[in-house]
Structure formats: C-alpha cells, structure tokens
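[1] okay, sequence plus prediction incoming.
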Amino acid sequence: MEYKSLYQYLGRAAGSELGKKVMNEAVSRGIKYQKQELDPRIVSSGFVYSYPVDFLNDFFKKEDLENKVKELEYRLRLLENKVFEEDKLLGEGIAFPADSTIEDELPF
C-alpha cells in the first residue's frame, strides 16, 4: 500500500488546518497512518504524517475532480471550435461571412 504525506499528495504545503481535518477523518475511519521523520529545518516539528493514497483519493475526491477536469477540457474544446472555427462567434449559426456587404452604422 502506497503512503503519501499531504505535501507529496497535493504538491504543496497543506497547512495545519487541513492537516488536522485529514488526521481527524483518518482517525474516525480507523485508517492507519505513518509518521515520517524530516529535518527540523524543513518542518519545524521534525515529522509529517503520511496516509494511504486510496484514503487521500477518497478524502479529496480526486477521481471526481479528475473527471470534472476532463469534462471541462472537453467543453472548452467545443467552445473554442465554435468561437474560432469559420469566424463563428459564441454559438451555432452566428457568423460573419467574409464577403459581407453590410455597411456599418457606426460613425467611426
């Protein structure tokens, strides 16, 4: 079973408040965690806790987040195609033909 600290999992410092939430959830679920010793110059306490990756995935709903990101990327590509393909602007059928002879009513 793979264990990671919150820093390793998130790729950034989690902070004490989030660390406490994760620890409390792990304890309430009976999740085994590990203590990793670190240089006190890096972490003032000299250690961090690490948790099973499956637990962290569930806690942070990472799988749901990954699916949401994929869905947003797909929707962004669709929007980009609508906006930039054939000079279309925000939606189906709204386009300015290249040979348009419509005169502009603005004075500038």
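    Looks like it came in fine. In this text the structure is predicted, and so the values were computed from the model without any measurement.

[2] quick one: the strands in the protein?
    Counting by DSSP state E, the chain has strands at residues 3-5, 34-37, 47-52.

[3] does anything pack onto the second one? Which helices or strands?
    In other words, strand 34-37. strand 47-52 (3 or more C-beta pairs under 8 Å, 6 or more residues apart in numbering; DSSP states H and E). Yep, even glycine has a C-beta here, placed from its N, CA and C like the rest.

[4] show residues contacting the strand it packs on.
    Strand 47-52 is contacted by residues 1-9, 19, 22-23, 26, 31-38 when judged by C-beta atoms under 8 Å, 6 or more residues apart in numbering.

[5] state the distance from residue 10 to residue 18.
    9 Å (C-beta to C-beta, to the nearest Å).

[6] and if you look at residue 1?
    Separation of residue 1 from residue 18 (C-beta to C-beta) stands at 22 Å.

[7] who has more neighbours out of those two?
    residue 18 (13 against 7; other C-beta atoms under 10 Å).

[8] spatially nearest residue to that one (excluding sequence neighbours)?
    residue 6 (6.9 Å; C-beta to C-beta, 6 or more residues apart in numbering).

[9] correct me if wrong: that neighbour contacts residue 17.
    No. Taking contacts as C-beta atoms under 8 Å, residue 6 lies outside contact range of residue 17: 11.4 Å.

[10] those two - which one has more neighbours?
    residue 6 (22 against 8).

[11] OK, contacts around the more buried one?
    14, 18-19, 22, 48-49, 51, 56.

[12] output those as TSV; include the columns pLDDT and distance to residue 70.
    Shown next, in TSV, are the contacts of residue 6 (pLDDT from 0 to 100; distance: C-beta to C-beta, whole Å):
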residue	pLDDT	distance to residue 70
14	89	25
18	92	25
19	93	29
22	95	25
48	94	31
49	95	31
51	97	25
56	95	20
